[in-house]
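1. let me see the structure of the following:
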Amino acid sequence: MTSRLGRHRARQGVDLDDLVRAVRLDFPVLWSALLDQSDDPAALASRADRLWAVVDAYAREVHFAFLSEQAVLAEQQRDDERRLLDLLFGPAAADEHRDARLAAGLGVRADGTFGVCAALADHAATLRGRAARAGGVHLREVEFGVVAFWPADGPAAERLRDRLTADVACVVDDRVTGLGAVPAAAAALTRMAHLLPPDAAGPREPRGMWPLVARRALDDHAGLAARLLSGLEAARPDEVELLRGTALTYLDSGSVTEAAAALYCHRNTVLNRLRRFERLTGLDLTRPRDAALAVVLLER
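-> Residues are numbered from 1 along each chain as shown. The predicted model follows:
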């Protein structure tokens, strides 16, 4: 009886504290009934502790049954979510009807906007813990890490993203349109996450990851990036670092004046270094195409 009550109230979603308080109210009810039936109230009072012990034991059993049923329901919910995510991330092609059914099961809008985040290695554990505490975040395990996604079109979406990704080395995109687009976005972000340096801290966006992605593509073509910068081998190592630093500082703003201020030198010094960089590499950083290539080549 006690276990049935606890399980039933758990399935109904009753608050546990309210349930336990209600059960403990049995004591004054029973005590009043016994007093009405008793011919010797004084003798009955001497056994009040036994009545309280019975009620207390009953409350503990209800409490335990409630928590046990909650654990079962939570595991069932996790199993249901895993099955839905397996379908979402599975090989079957996305379609409008499938996405609508999956969205209903996951409690999201099929045509909504989603935030998607990929984290690897040790940072994945941090992301899992924060997602579990935040609620409303769906997790998908991937090789060496985890992918998380959540509705990003609500007023609290930005705060949720910040809580999830602060100090976590990850790649995040909070403008993925439609539930059916989440798996492809997750796969792309996971590939980008593999390119993060070991000392990375905090979230990166795809817009800021493109130099790393492009550099990896160049490196995959027989070290093309190194060959394009081979002209720097004619300079001393210390000069190479000076030219590299000046080039990157200039590329941040495209302004010689701002680069000179950041480097604490005269603007003519910056111009001389940029010309030296051009002679060695053939890249004129004042030309947009050359500047875009230099951004990729100088990415470490």
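
2. distance-wise, check W210 relative to L189.
-> 13 Å (Cβ to Cβ, to the nearest Å). For glycine as for every other residue, the C-beta is placed from the backbone atoms N, C-alpha and C.

3. repeat that for T286.
-> Per Cβ to Cβ, T286 is found 34 Å from L189.

4. returning to what we had before: so between W210 and L189, which is more surrounded?
-> L189 (25 against 15; other Cβ atoms under 10 Å).

5. list the contacts of that one.
-> With contact set as Cβ atoms under 8 Å, 6 or more residues apart in numbering, L189 has these partners: 116-118, 147, 171-173, 206.

6. hmm, who's touching stretch 86-97?
-> So stretch 86-97 is in contact with 98, 102, 106, 110, 140, 179-183, 186, going by Cβ under 8 Å, 6+ apart.

7. would JSON lines of these with distance to D153, pLDDT and neighbour count be doable?
-> Output for those, formatted as JSON lines (distance: Cβ to Cβ, whole Å; pLDDT from 0 to 100; neighbours: other Cβ atoms under 10 Å):
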{"residue": "R98", "distance to D153": "21", "pLDDT": "85", "neighbour count": "16"}
{"residue": "L102", "distance to D153": "17", "pLDDT": "90", "neighbour count": "19"}
{"residue": "L106", "distance to D153": "15", "pLDDT": "89", "neighbour count": "19"}
{"residue": "A110", "distance to D153": "12", "pLDDT": "92", "neighbour count": "18"}
{"residue": "R140", "distance to D153": "20", "pLDDT": "90", "neighbour count": "20"}
{"residue": "L179", "distance to D153": "12", "pLDDT": "93", "neighbour count": "23"}
{"residue": "G180", "distance to D153": "16", "pLDDT": "91", "neighbour count": "20"}
{"residue": "A181", "distance to D153": "14", "pLDDT": "93", "neighbour count": "15"}
{"residue": "V182", "distance to D153": "14", "pLDDT": "93", "neighbour count": "25"}
{"residue": "P183", "distance to D153": "19", "pLDDT": "93", "neighbour count": "19"}
{"residue": "A186", "distance to D153": "18", "pLDDT": "94", "neighbour count": "24"}
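
8. among those, which are in helices?
-> The helices, defined by DSSP state H, take in 98, 102, 106, 182-183, 186 from these.

9. would you list these in CSV and tack on distance to R4?
-> What follows is the ones in helices among the contacts of stretch 86-97, written out as CSV (distance: Cβ to Cβ, whole Å):
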residue, distance to R4
R98, 39
L102, 34
L106, 31
V182, 41
P183, 42
A186, 43
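
10. residue ranges for the helices of the stretch 201-300 of the chain, please.
-> Listed in chain order, the helices of the stretch 201-300 of the chain (DSSP state H, counting those that start in this stretch) span 206-220, 224-228, 237-253, 256-263, 267-281, 288-297.

11. least reliable of those going by mean pLDDT?
-> Confidence, taken as mean pLDDT, is least for helix 224-228 of these (a mean of 81).

12. just the CA trace of that one, in PDB.
-> Taking C-alpha atoms only, helix 224-228 is exported to PDB below (Å, rounded to 0.1, in the frame of the first residue of the first chain):
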ATOM      1  CA  LEU A 224      50.900  23.500 -49.200                       C
ATOM      2  CA  ALA A 225      50.700  26.100 -46.500                       C
ATOM      3  CA  ALA A 226      54.400  25.600 -45.600                       C
ATOM      4  CA  ARG A 227      55.400  25.900 -49.200                       C
ATOM      5  CA  LEU A 228      53.500  29.100 -49.700                       C
END
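
13. give the buried residues for it.
-> 225, 228 (16 or more other Cβ atoms under 10 Å).

14. check the offset of that helix from the chain's centre.
-> Distance of helix 224-228 from its chain centroid, counting by Cα atoms, centre = their mean, to the nearest Å, is 35 Å.

15. list the contacts of it.
-> Helix 224-228 is touched from outside by 215, 218-219, 281, 293, 296-297, with contacts defined as Cβ under 8 Å, 6+ apart.

16. hang on, A124 packs against G145?
-> Yes - A124 lies in contact with G145 (Cβ atoms under 8 Å); the separation is 4.2 Å.
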